[in-house]
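>>> Okay, sequence plus prediction incoming.
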Amino acid sequence: MEKKNQSSLMLVDGMALLFRAFYATAVSGQFMINTKGVPTNGVQGFVKHFLTAVSSFKPSHVAVCWDMGSNTFRNEMFTDYKANRGEAPVELIPQFDLVKEVVDAFDIPNIGLAGYEADDCIGTIAKNEAADTHVHILTGDRDILQLLDERISVILMQKGYGNYLVYTQESFYEEKGIQPKQMIDVKALMGDPSDNYPGVKGIGEKTALKLVQQYQHVEGVVSNLDKLTKAQKAKIEQDLEMLYLSRKLAEIHCEVPIQYSHDDALYQYDREKVLSKFNEVGFKGLDRFLKQDKEYVR
């Protein structure tokens, strides 16, 4: 992966923006069917979220990362991983390709690799780029907080457009009392219902956080079982194998063999090209989100 010394990079969790936008309007049946019969509500909302964030944080470089299918290396480790998630709504399916076409119109890299999640691609690029530039990660998923570092911050989208909760390494520590990477150990203990892995049955977030604060990591907890309560010790001993497996599932993989060039992520788009794509897709009213900013429009 190439990298150059530049000011700031925004890595966008594409699915997080698309799903958030889709469900915000789908709940009232507003699928915004265009003249070709294709629903566009998720993609339109994606563009609004994206352009609002760029306007707010003004990155010099941007890349969008995607999940590439539901099966990843985590399913090979644990077949029930994310098995609780149903099929995507029929109105959303055609928007998966459409949103990437719109991102292409901005000349922004669409990045993803089969067998890995978007988070893994984000983690790989973020860790590589942070040596030379500040990285902002735009998402709605708190799992990504484990990547927080001196030069990596996370922008968590809140309800509506333009509402964010920005985490830094320092603010995370102030809130949780642990370092960001220790969240992996917390999740190993408590599990993650949304990703469908159990951790240690009977251990919730409060207990998991307290144990990691006290013993630093999973290994520290396991090597101090005799100091825990009888109930905690029994639960961990009973689910020891799942504890270690859950830790592997929780950790974002930061060595994905993706093709990424920092120079390709330079955020400069052709306004006419973007407007032409908007017109082709049937977007209405989105042109006002395009700021005629000299640093972005070429």
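Arrived safely. Numbers count the residues shown, from 1 in each chain.

>>> Would you map the strands across this structure?
Secondary structure of the chain by DSSP state E: the strands cover 8-13, 61-65, 110-111, 134-139, 152-157, 164-167.

>>> Let's have those in CSV, adding distance to residue 101.
Backbone N, C-alpha and C define where each C-beta goes, glycine included. Below are these laid out as CSV (distance: least, Cβ to Cβ, whole Å):
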stretch, distance to residue 101
strand 8-13, 16
strand 61-65, 12
strand 110-111, 9
strand 134-139, 20
strand 152-157, 23
strand 164-167, 27
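
>>> between the ones you listed, which gets nearest to residue 117?
Nearest to residue 117, of all those, is strand 61-65, at 8.9 Å by Cβ to Cβ.

>>> who does that closest one touch, helix- and strand-wise?
When contacts are defined as 3 or more Cβ pairs under 8 Å, 6 or more residues apart in numbering; DSSP states H and E, strand 61-65 packs onto strand 8-13, strand 110-111, helix 118-129.

>>> on that earlier part again, mean neighbour count, mean pLDDT and distance to residue 75 added to the strands of the chain, as JSON lines?
Converted to JSON lines, the strands of the chain look like this (neighbours: other Cβ atoms under 10 Å; pLDDT from 0 to 100; distance: least, Cβ to Cβ, whole Å):
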{"stretch": "strand 8-13", "mean neighbour count": "26", "mean pLDDT": "97", "distance to residue 75": "20"}
{"stretch": "strand 61-65", "mean neighbour count": "27", "mean pLDDT": "97", "distance to residue 75": "19"}
{"stretch": "strand 110-111", "mean neighbour count": "20", "mean pLDDT": "98", "distance to residue 75": "21"}
{"stretch": "strand 134-139", "mean neighbour count": "24", "mean pLDDT": "98", "distance to residue 75": "21"}
{"stretch": "strand 152-157", "mean neighbour count": "23", "mean pLDDT": "98", "distance to residue 75": "25"}
{"stretch": "strand 164-167", "mean neighbour count": "15", "mean pLDDT": "97", "distance to residue 75": "29"}
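
>>> Which one of those strands lies nearest to residue 192?
strand 134-139 (15.4 Å).

>>> Run me through the strand neighbours of that closest one, direction for each.
Within its sheet, strand 134-139 is paired with strand 8-13 (parallel), strand 152-157 (parallel), according to DSSP bridges.

>>> And these: which comes nearest residue 52?
Set against residue 52 and scored by Cβ to Cβ, the strands paired with strand 134-139 come closest in strand 152-157, at 9.5 Å.

>>> which ones are touching residue 230?
Residue 230 sits next to no residue when contact means Cβ atoms under 8 Å, 6 or more residues apart in numbering.

>>> can you redo the helices and strands packed on strand 61-65 as JSON lines with distance to residue 206?
Shown next, in JSON lines, are those (distance: least, Cβ to Cβ, whole Å):
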{"stretch": "strand 8-13", "distance to residue 206": "27"}
{"stretch": "strand 110-111", "distance to residue 206": "36"}
{"stretch": "helix 118-129", "distance to residue 206": "25"}
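
>>> out of these, nearest to residue 161?
strand 8-13 (14.6 Å).

>>> Restrict that closest one to CA atoms and write it as PDB.
Listed next in PDB are the C-alpha coordinates belonging to strand 8-13 (Å, rounded to 0.1, in the frame of the first residue of the first chain):
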ATOM      1  CA  SER A   8      -6.300  14.000   6.900                       C
ATOM      2  CA  LEU A   9      -8.100  10.900   5.700                       C
ATOM      3  CA  MET A  10     -11.700  10.000   6.200                       C
ATOM      4  CA  LEU A  11     -12.500   6.300   6.100                       C
ATOM      5  CA  VAL A  12     -16.200   5.700   5.600                       C
ATOM      6  CA  ASP A  13     -18.000   2.500   6.700                       C
END
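
>>> quick one: that strand to helix 118-129, angle?
170 degrees (axes from the mean of the first three to the mean of the last three Cα atoms, to 10 degrees).
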